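> this is the structure alone, sequence omitted:
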């Protein structure tokens with residue numbers, strides 16, 4: 001009797017340890033991320049990228065709200081960051097078709113552009129404040145009198 005109970009316990013012990021033999025989920029995620037990394041978006045043509053810098057800079061520089069909070073060089077930094085973000089997210093032909101050639105953008109694309117520009121403006125503002133804290137301007141009292 002004790003032999004049969006011990007046999008059943010050993011049998012349950014071994015079968016209980018070998019029931020779930022599926023591979024861990026991490027391996028599947030690594031394969032998917034490796035596939036995404038291999039699919040890189042090719043860089044935009046240089047002249048076309050410069051064109052979009054200029055076009056976007058013009059639209060931002062003419063905006064009075066932007067003029068109140070940023071210097072032209074800062075606006076250009078925001079534009080450069082934004083267009084570089086477009087380049088990372090879109091193939092050039094797809095960008096022109098979905099964004100560049102459209103006069104009226106769908107709400108989701110408008111939000112994408114706004115969010116990307118906003119993040120770039122925050123980064124430019126942070127860098128400007130950091131640079132200003134490194135080189136504080138001193139006021140010469142003799143020149144103000």
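In hand now; what should we look at? Predicted, not measured: the structure shown is a model, and the values here were computed from it.

> what helices or strands is the lengthiest helix in the chain leaning on?
Using DSSP state H to define each element, the chain has its longest helix at helix 107-134. The contact analysis (3 or more C-beta pairs under 8 Å, 6 or more residues apart in numbering; DSSP states H and E) places helix 107-134 against helix 72-89. Quick note: C-beta positions are derived from backbone N, CA and C, even for glycine.

> please point out which parts of the helix it packs on sit buried.
For helix 72-89, a neighbour-count test (16 or more other C-beta atoms under 10 Å) marks 74-83, 85-87 as buried.

> now the angle between helix 107-134 and that helix, please.
If you take axes from the mean of the first three to the mean of the last three C-alpha atoms, to 10 degrees, helix 72-89 sits at 130 degrees to helix 107-134.

> how about residues contacting helix 72-89?
Contact with helix 72-89 is made by 41, 43-44, 49, 52-53, 56-57, 60-61, 66, 70, 95, 99, 113, 116-117, 120-121, 123-125, 127-128, as judged by C-beta atoms under 8 Å, 6 or more residues apart in numbering.

> do that again at 6 Å, thanks
With C-beta atoms under 6 Å, 6 or more residues apart in numbering as the test, helix 72-89 has contacts from 44, 52-53, 56-57, 60-61, 95, 116-117, 120-121, 124.

> got a markdown table for these, with neighbour count and pLDDT too?
Shown next, in a markdown table, are those (neighbours: other C-beta atoms under 10 Å; pLDDT from 0 to 100):
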| residue | neighbour count | pLDDT |
| --- | --- | --- |
| 44 | 21 | 92 |
| 52 | 20 | 94 |
| 53 | 16 | 95 |
| 56 | 20 | 92 |
| 57 | 18 | 94 |
| 60 | 20 | 90 |
| 61 | 14 | 89 |
| 95 | 19 | 93 |
| 116 | 19 | 94 |
| 117 | 18 | 93 |
| 120 | 19 | 94 |
| 121 | 20 | 93 |
| 124 | 21 | 93 |
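
> any chance of those residues in a markdown table, with distance to residue 107 too?
As requested, those are arranged in a markdown table below (distance: C-beta to C-beta, whole Å):
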| residue | distance to residue 107 |
| --- | --- |
| 44 | 25 |
| 52 | 21 |
| 53 | 25 |
| 56 | 19 |
| 57 | 24 |
| 60 | 20 |
| 61 | 25 |
| 95 | 18 |
| 116 | 15 |
| 117 | 16 |
| 120 | 20 |
| 121 | 21 |
| 124 | 26 |
